[in-house]
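>>> next one to model:
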Amino acid sequence: MIKRTLALLALCVGAVAAQNGTYVYFSTRFAETPLSGRGGFVVDGNPTTVPVPVFAPGTVNEAAVMNANGFAFVRPGVPNKWPLSFVQGTVSSPVTDFVEVSNFPQINLLMGDTDNDGQYNEGGSFPNCVTGANPPCPKPTTTYTNFAGVDALYVPTPPVGRNASIYDCFISTPSDSNGTGGYRGTAVTEADMIMFPKATNPYPAPSAPQQPIFFIRQSHLEIFFGMAAGSGNAIDTDAFAVDETNGDIYISFDGTSSTVATCFTGTFLTAPGVSTTAAILAGDVFRIPGAAYTPTGPFNVVSAPTPGLVQRIWSSADVTTMVTTAGGLILPTAQGGVAYTNTYSLDVDYINTGTVTTPSGFTVRNLFFTVDNRGGNVGATVNPFAPAIYTTAGNGQFAVFNGVTMNNPAAMGMATQSFSNTFYSGCLDALDVYDLANPLDPQTGNPMHLESFPDNGRRYLGLASMGNPANPALYANKLICSIAGSPPGSTIAVFARADVTTVGGYIDRYDSFASGIPDGCPELYLDVANVYTNSMILAPQGFSNLGQDPFVQGLMNGGPTLNPLYWNPIRTAVDANNSDNGDSAFEFDLTTLGPLPALPGGVSFILTFQAIDLNTLKLSDPMAFEFN
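This next block holds a predicted model:
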């Protein structure tokens, strides 16, 4: 049998991939699984088997799943993965999957201890932190000290020769993150659009913290909308785009709750020359003219904002009309849908390049947009338009990218059913669309991404509490890390470091490109020669004399003695249909250690993993597990 790898996929894709250069970067409202079946479903409940990685029925490849906390991209119409055998039997045609870029485990590691309590991984709820836990929970399970997700997305300058990363984007978060410690060093609100600068120093000199770059802040929006300083705590930026030809900002805001569409009260123009002070509703789309502020710095961020110029160019009712005109459907609450129209993302439509006069009389650029929506319950209501992308052109149409109409889950590289497979796929929560004149290879041009299931690197309160809350014994004391984004047939070297967290601290990092690593994650989180921290505990066999401790080696995939061919480096997985999608996994079994004792002062023990593809020298993003 011919192995379905890179060469065969290239024959299937052919010249189409070279011509279709539109990329859609996005975040989702809910967890979604890719079209090929590589991600599995939450009910499958098992990580891939190790040490020989196998992705098959019942398994979950978390690195292939799109969680609501991160962001991904898809290149519509360009096949990049083989369907797993249990999805399409022996069908030999490749499909288009979305590719996850980053998630809150990476954002946690990037930030460190922002609230000065010695805990780093506080970007999501803590599944094993329950009432009565011993030791007790340091915070309620709904506390998000770090970001809980990506609510809006803007990529100002697509990088050349690689995919956009978390360091190339301005993002908004769905909740405030007021801590000022760690690597970030400043408070962020859900109104702000921020970018994280990457590390500046090559290895071995650790990079000093840099505060985020703010494109727009809550204080700017208060001025734009004629509000009193400090009164905009209810402002939650939900959609954001910039017309880079003139600086016009297009923006929309989230409602107070899932049933209350009111956002905040502000002053704005409802028609040319007509100003009002009124409640702003979720779904309303506003333009902040480029003349209303002074663009500053390399990204032309907002400074010197001027009030009285903001225009409501489309009301939420106008947005509803455009969805209906396009042929879409916003599922109502009576069918398990939403209570009101909420514009979830915006981007300037570079395909329909002309202007449009809105119902309120303003002449503006056409925009791509998405709305809050639900796919419905499997076996009952179905709404295939939930993940649709629209354009304002023609008073409402489905967007078309690379010849693909973006009105169904498959167009986004999603399976029809979401990761929680009792529901159909849901909506997009953030969006940025751009075109590359020289598109990346659909197999080798993907980011190398690490994830874990079911915890995503969240904190554990002692090893005894590790595992799936629904089935604690299933993952007891084992870290299962999935890998996606390597070329098929690759050999992957896995590295790990161990640290004790410090109050207000962070894991040191370096500029990976300046350190001689040509591709992948822009930041290196490993002190590979133990120059700075003496923290390296695991490295591939034969990697100098570091990371070679027999006990630590034995924790990964049973150790080199038991599994010499599948230890470290590891290999990509091959499906029962002989398909290789560049996925892999490894296990780090801590059973022999037993529960860790509580550390003093609220600090924690943290393991950080990062991998490198030895075939392409592509660096993965980092993944950390924290224990306290």
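>>> and the pLDDT at the closest residue to residue 611 other than its chain neighbours?
Using Cβ to Cβ, 6 or more residues apart in numbering and skipping the chain neighbours, the partner closest in space to residue 611 is residue 620 (4.3 Å). Where C-beta positions appear, they are placed from N, C-alpha and C, glycine not excepted. Note on residue 620: pLDDT of 96.
>>> surely residue 620 and residue 448 touch.
Yes - counting by Cβ atoms under 8 Å, residue 620 touches residue 448, with 3.9 Å between them.
>>> which residues are common contacts for those two?
Common neighbours of residue 620 and residue 448 (criterion: Cβ atoms under 8 Å, 6 or more residues apart in numbering): 483, 485, 520, 521, 611, 613.
>>> can you redo these as JSON lines with secondary structure?
Listed next are the shared contacts of residue 620 and residue 448 as JSON lines, based on DSSP: H, G, I helix; E, B strand; the rest coil:
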{"residue": "483", "secondary structure": "strand"}
{"residue": "485", "secondary structure": "coil"}
{"residue": "520", "secondary structure": "strand"}
{"residue": "521", "secondary structure": "coil"}
{"residue": "611", "secondary structure": "strand"}
{"residue": "613", "secondary structure": "strand"}
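>>> filter these down to the buried ones, ChimeraX style.
Entered in ChimeraX, the line below selects the buried ones among those, by 16 or more other Cβ atoms under 10 Å:
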select :483,485,520,521,611,613
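>>> any idea which of the shared contacts of residue 620 and residue 448 is closest to residue 305?
For the shared contacts of residue 620 and residue 448, the residue nearest residue 305 by Cβ to Cβ is residue 521; the value is 34.8 Å.
>>> contacting residues around the closest one?
Taking Cβ under 8 Å, 6+ apart as the test, what residue 521 contacts is 165, 447, 448, 512, 610, 619, 620, 621, 622.
>>> just residue 603 next, same as before
Neighbour list for residue 603: 118, 500, 501, 502, 503, 628 [criterion: Cβ under 8 Å, 6+ apart].
>>> which of the residues you listed has the weakest pLDDT?
When the contacts of residue 603 are sorted by pLDDT, the bottom entry is residue 628 at 63.
>>> now residue 335. Its backbone dihedrals?
Dihedral pair for residue 335: phi -110, psi 20, per degrees, to the nearest 10.
>>> meant to ask about residue 321
Comment: the main-chain dihedrals of residue 321 come out as phi -60, psi -40, following degrees, to the nearest 10.
>>> from what I can see it touches residue 392, true?
No - taking contact to mean Cβ under 8 Å, the distance of 10.7 Å between residue 321 and residue 392 leaves them out of contact.
>>> have a look at these two and say which one is more surrounded.
Set side by side, residue 321 and residue 392 show more neighbours around residue 392, with 25 against 16, by other Cβ atoms under 10 Å.
>>> can you show me the helices along this protein?
Assigned by DSSP state H, the chain shows helices spanning 6-13, 15-19, 85-88, 104-111, 218-224, 316-326, 550-555, 559-562.
>>> give me every residue that touches the nearest residue to residue 291 once chain neighbours are set aside.
Taking Cβ to Cβ, 6+ apart, and ignoring the residues beside it in sequence, residue 291 has residue 309 as its nearest neighbour in space, at 6.9 Å. Contacts for residue 309 were tallied using Cβ under 8 Å, 6+ apart; they are 224, 269, 288, 289, 291, 292.
>>> nice, that's everything, thank you.
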